[in-house]
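Asker: Here is the input, now give the coordinates:
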Amino acid sequence: MNLTKNNLKLGLLLGLIGPIAGIVLLYFILYPSFTFLEFLDSFFHENRLITSIGSLSLLANAVLFTFYVNTERDETAKGIFIVTVFYGIGIIVIKLFN
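Answerer: Numbers count the residues shown, from 1 in each chain. Have a look, this model is predicted:
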């Protein structure tokens with residue numbers, strides 16, 4: 001995979017991977033004493049964690065988005081933005097129904 005392409009599909013893929021990588025990174029930094037499944041269970045069932053961890057995980061996409069906009073790869077940035085919006089909506093829905 002060529003990460004220098006200006007491609008909507010690449011942006012969608014990077015947008016999906018970014019927050020997952022962000023959650024894994026936050027797990028290793030903030031909750032290393034928990035198992036990953038315990039961490040995910042806490043994340044999905046505690047409202048304060050849904051907001052904070054969810055928002056921090058989306059920062060990975062903000063970094064990717066900024067990089068691709070600044071390097072004028074707008075199609076890739078558009079894909080990252082689309083997925084970020086869906087992740088954000090998902091976080092809000094999880095928070096509302098929790």
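
Asker: Tell me where this structure is predicted with low confidence.
Answerer: The model of the chain has pLDDT under 70 over residues 1.

Asker: Which parts of it are helices?
Answerer: Assigned by DSSP state H, the chain shows helices spanning 8-30, 36-45, 47-70, 74-96.

Asker: What is the third one packed up against?
Answerer: Helix 47-70 is packed against helix 8-30, helix 36-45, helix 74-96, with contacts defined by 3 or more C-beta pairs under 8 Å, 6 or more residues apart in numbering; DSSP states H and E. C-beta here means a position set from N, CA and C on the backbone, and glycine is covered the same way.

Asker: Now render the helices of the chain as a markdown table, adding distance to residue 2 and mean neighbour count.
Answerer: Converted to a markdown table, those look like this (distance: least, C-beta to C-beta, whole Å; neighbours: other C-beta atoms under 10 Å):
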| stretch | distance to residue 2 | mean neighbour count |
| --- | --- | --- |
| helix 8-30 | 8 | 17 |
| helix 36-45 | 31 | 14 |
| helix 47-70 | 13 | 17 |
| helix 74-96 | 11 | 17 |
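
Asker: coming back round to it: would JSON lines of the helices and strands packed on helix 47-70 with distance to residue 67 be doable?
Answerer: Below are the helices and strands packed on helix 47-70 laid out as JSON lines (distance: least, C-beta to C-beta, whole Å):
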{"stretch": "helix 8-30", "distance to residue 67": "10"}
{"stretch": "helix 36-45", "distance to residue 67": "26"}
{"stretch": "helix 74-96", "distance to residue 67": "8"}
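
Asker: Which of those helices sits closest to residue 68?
Answerer: In terms of C-beta to C-beta, the element of the helices and strands packed on helix 47-70 nearest to residue 68 is helix 74-96, at 4.0 Å.

Asker: Can you list the neighbours in contact with the closest one?
Answerer: Helix 74-96 is contacted from outside by 5-16, 18-19, 44, 47, 50-51, 54-55, 57-58, 61-62, 64-65, 68-69, using C-beta atoms under 8 Å, 6 or more residues apart in numbering.

Asker: between that helix and helix 36-45, how many degrees?
Answerer: Counting by axes from the mean of the first three to the mean of the last three C-alpha atoms, to 10 degrees, helix 74-96 lies at 80 degrees to helix 36-45.
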